[in-house]
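predicted coordinates and the sequence they were generated for:
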Amino acid sequence: MKRMAQSLNNQSALITGGDSGIGKGVAIAMAKAGARVVINYAHNEEAANETVKEITAGGGEAYAHKADVSSESDVQAMFAAMFERYGTIDILVSNSGMQKDAKFVDMTLDEWQKVINVNLTGQFLCGREAARELIRRGVVESRSKAAGKIICMSSVHEVIPWAGHINYAASKGGVMMMMKSMAQELAPHKIRVVGIGPGAIKTPINKAAWETPEAMDKLLELIPYNRIGQSEDVGKLAVWLASDEADYITGTTIFVDGGMTLYPGFADNG
């Protein structure tokens, strides 16, 4: 793991869903930037430990913690364990997410609720625990200009409707408005809250969209920049947003999507 400029030196970061995909990319990038990292995972302990191993082999500091982000008791126990080990939190990246796809008329209440519970309620629970600690502790100028940074992992689907994925799109639309409302409320405490809206990123959750040449060609029709994103693209943005270089940014989503939100179907006048 090649080290980078230590823009997050002496800071502690929690990345939910940090065992794979975008979360893993963010965790590794944060560690490269000097942060001590908690890798949250829900099921795949082996993958989480591999992420920790990759970070520590490169000279970084990390450990894995199993928790269901939709469970209040799990989340509170995870934060307590982090405070016991690292003393506090400086950066939260609420990344855990899932899909349970179905046509609207066929979608069960369970499919709806599970996605909302993880994607939206999970971010609420983690954000609340982080905010409580950051308000209590306040700004520590030797670490950051801000008291803390909360990064809400959203999606291009906070603004782009997605038939067949109504629970997922609704959860991400909710994340967007929750993020803005949190930012408004927490700004007086010097806590920055921002969103990241990934487009098509090459991760296991969307493997069917890129694993064959035919699928990839179809996917690239939606991406003006004509390439699929990598988890490293999101990781680098997350590090920058958590750094003091982005100190005046709060309450907005930054899309990392190769132009997907430009609605390329309208490129030739519709």
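Okay, I see it.

for Met216, what are its contacts?
Remark: with contacts taken as Cβ atoms under 8 Å, 6 or more residues apart in numbering, Met216 is in contact with 209-210, 228. Where you see a C-beta, it was placed from the backbone N, CA and C, and this is true even at glycine.

ah, wrong one, I meant Phe79
Phe79 sits next to 14, 89, 129-130, 133 when contact means Cβ under 8 Å, 6+ apart.

possible to save the residues you listed as a markdown table with secondary structure?
Below are these laid out as a markdown table (DSSP: H, G, I helix; E, B strand; the rest coil):
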| residue | secondary structure |
| --- | --- |
| Leu14 | strand |
| Ile89 | coil |
| Glu129 | helix |
| Ala130 | helix |
| Glu133 | helix |
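
who wins on neighbours among the residues you listed?
When neighbours are counted as other Cβ atoms under 10 Å, the busiest of those turns out to be Leu14, with 29 neighbours.

which one of the contacts of Phe79 sits closest to Ser181?
Ala130 (15.2 Å; Cβ to Cβ).

per-residue pLDDT, the closest one?
If you check Ala130, the pLDDT there is 98.

counting neighbours, what do you get for the closest residue to it other than its chain neighbours?
Computed as Cβ to Cβ, 6 or more residues apart in numbering, the closest residue to Ala130 that is not its neighbour in sequence is Leu92, at 4.2 Å. Taking other Cβ under 10 Å as the criterion, the count of residues near Leu92 is 30.

in the sheet, which strands lie alongside the one helix or strand Leu92 maps to, parallel or antiparallel?
Per DSSP states H and E: Leu92 is located in strand 91-94. The strands beside strand 91-94 in its sheet (DSSP bridges) come out as strand 12-15 (parallel), strand 148-153 (parallel).

re the thing from before, so who does the residue nearest to Ala130 touch?
13-14, 126-127, 130, 148-151.

who wins on neighbours among these?
Ala13 (31 neighbours).

partner residues bridging that residue?
For Ala13, the beta-bridge partners under DSSP bridges are Val37, Ile91.

confirm for me that it is in contact with Asp90.
Yes. Ala13 is within contact range of Asp90, at 6.6 Å (criterion: Cβ atoms under 8 Å).

between those two, which contacts overlap?
Ala35.

re earlier: just give me how far the strand holding Leu92 sits from the chain centre.
Between the centre of strand 91-94 and the centre of its chain there are 7 Å (Cα atoms, centre = their mean, to the nearest Å).

mind checking the SS state of the closest residue to Gly97 other than its chain neighbours?
Leaving aside its chain neighbours, Gly97 sits nearest to Asn119 (5.0 Å; criterion: Cβ to Cβ, 6+ apart). Judged by three-state DSSP, the three-state class of Asn119 is helix.

touching, Asn119 and Ser94? I think so.
No. Using Cβ under 8 Å, Asn119 is not in contact with Ser94; the gap is 9.4 Å.

compare those two (neighbour count), which wins?
Ser94 (30 against 26).

quick one, what contacts the nearest residue in space to the more buried one that is not next to it in sequence?
Once flanking residues are discounted, Ser94 sits nearest to Gln123: 4.1 Å by Cβ to Cβ, 6+ apart. Residues in contact with Gln123, defined by Cβ under 8 Å, 6+ apart, are 69, 94, 96, 152, 175, 178.

cutoff 7 Å now
94, 152, 175, 178 (Cβ atoms under 7 Å, 6 or more residues apart in numbering).

which pLDDT value belongs to the first one?
Looking at Ser94, its pLDDT stands at 98.

so how far is Ala102 from it?
25 Å (Cβ to Cβ, to the nearest Å).

isn't Ala102 right up against Glu111?
Yes. With contacts counted by Cβ atoms under 7 Å, Ala102 reaches Glu111, the gap being 5.7 Å.

tell me the spacing between the residue nearest to Glu133 when sequence neighbours are not counted and Gly138.
Distances taken as Cβ to Cβ, 6+ apart place Ile89 nearest to Glu133, at 5.6 Å, with adjacent residues excluded. Remark: distance between Ile89 and Gly138 (Cβ to Cβ) = 13 Å.

after the strand holding Leu92, heading C-terminal, what element do we hit next?
Next helix or strand after strand 91-94 toward the C-terminus (DSSP H and E): helix 109-116.

perfect, I'm done here.
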